[in-house]
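> Okay, structure incoming, though there's no sequence with it:
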């Protein structure tokens, strides 16, 4: 990203295996930034191959408190045209075989997830988007499918009947794990196509996606730069206390191995008591 200074690559080992790639750290407008190419450099990982737990653990280890997901999506509504941005506020999970929690094996936590997107982060993204000439839709539901194949037409029409706004393959369980790690989470959903429901448009293809993706990436950079430059000190996130509010297991009862694995998440919680 243009303007990023003090750039370094950080390679982390995690208790959950290897992250997608090296983390890129730097500073932007005085704020510490961390970036991770979700699919790896060169786009070599399928959505279901992403090690979401390692990725989120690494972000937490590096001190991330606000996580912005930049995601290519298919549009499920006529008014959301390719090239438009959607700041989603809800998810529907249609994934099948992805570990979705850091907890278990001796530690029980039930975090609230009724509102999976940080309201303060989304509101600030909407504020900065309004100062651009981008078409940005505030709010909407993202249905996350397993992939890697695109939907059938029947599935696409079914999802539309649910009132969803966009469809993608990556934001879950990512958003769930970010909440468990007490990180605020927001999505910049960048529409690249009309999936396959739109009878007057060609069915989604890699070629059609890539044609829009490059322009969308530049829009995401503008939004993130403006977000960081104008970030208010008063921004709060309900995620920052999510796990401590949902922790059921007493500290003394947590197995030593699990405590060590989850140290970046648990240590700040127990230190605050």
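That came through, no problem. Given the structure is predicted, the values throughout are model-derived calculations rather than measurements. Numbering: from 1, shown residues only.
> the helices in the stretch 101-250 of the chain, which residues?
Remark: helices assigned in the stretch 101-250 of the chain by DSSP state H, counting those that start in this stretch are 119-129, 153-161, 174-180, 206-229, 242-246.
> which other residues reach the longest one?
If I follow you right, that is helix 206-229. 1-3, 28-29, 31, 33, 68, 70, 72, 82-83, 85, 124-125, 128-129, 131-132, 134, 188, 190-193, 202 (CB atoms under 8 Å, 6 or more residues apart in numbering). (Glycine included, C-beta is placed from N, CA and C.)
> before we move on, back to that, can you say which of the helices of the stretch 101-250 of the chain is packed in most?
helix 174-180 (a mean of 26; mean count of other CB atoms under 10 Å).
> Flag every buried residue along stretch 28-38.
Neighbour-count burial for stretch 28-38, counted by 16 or more other CB atoms under 10 Å, picks out 28, 33, 34, 35, 36, 37, 38.
> What is the nearest of these to residue 267?
residue 34 (18.8 Å; CB to CB).
> partner residues bridging that closest one?
residue 25 (DSSP bridges).
> And it, how far from residue 64?
5 Å (CB to CB, to the nearest Å).
> Then residue 42?
Counting by CB to CB - residue 42 and residue 64 are separated by 24 Å.
> Residue 4 is in contact with residue 25, isn't it?
No - the pair residue 4 and residue 25 fails to qualify as a contact (CB atoms under 8 Å) at a distance of 9.2 Å.
> shared neighbours of the two, anything?
If you check residue 4 and residue 25 against CB under 8 Å, 6+ apart, the residues they both contact are residue 33.
> could you dump the buried residues of stretch 28-38 to JSON lines with pLDDT?
Output for these, formatted as JSON lines (pLDDT from 0 to 100):
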{"residue": "28", "pLDDT": "97"}
{"residue": "33", "pLDDT": "98"}
{"residue": "34", "pLDDT": "98"}
{"residue": "35", "pLDDT": "97"}
{"residue": "36", "pLDDT": "98"}
{"residue": "37", "pLDDT": "96"}
{"residue": "38", "pLDDT": "96"}
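> Provide a list of residue ranges in the stretch 51-200 of the chain with pLDDT below threshold.
200 (pLDDT under 70).
> quick one: the strands in it?
For the stretch 51-200 of the chain, the strands defined by DSSP state E, counting those that start in this stretch occupy 66-75, 85-87, 90-94, 136-138, 141-145, 166-168, 184-193.
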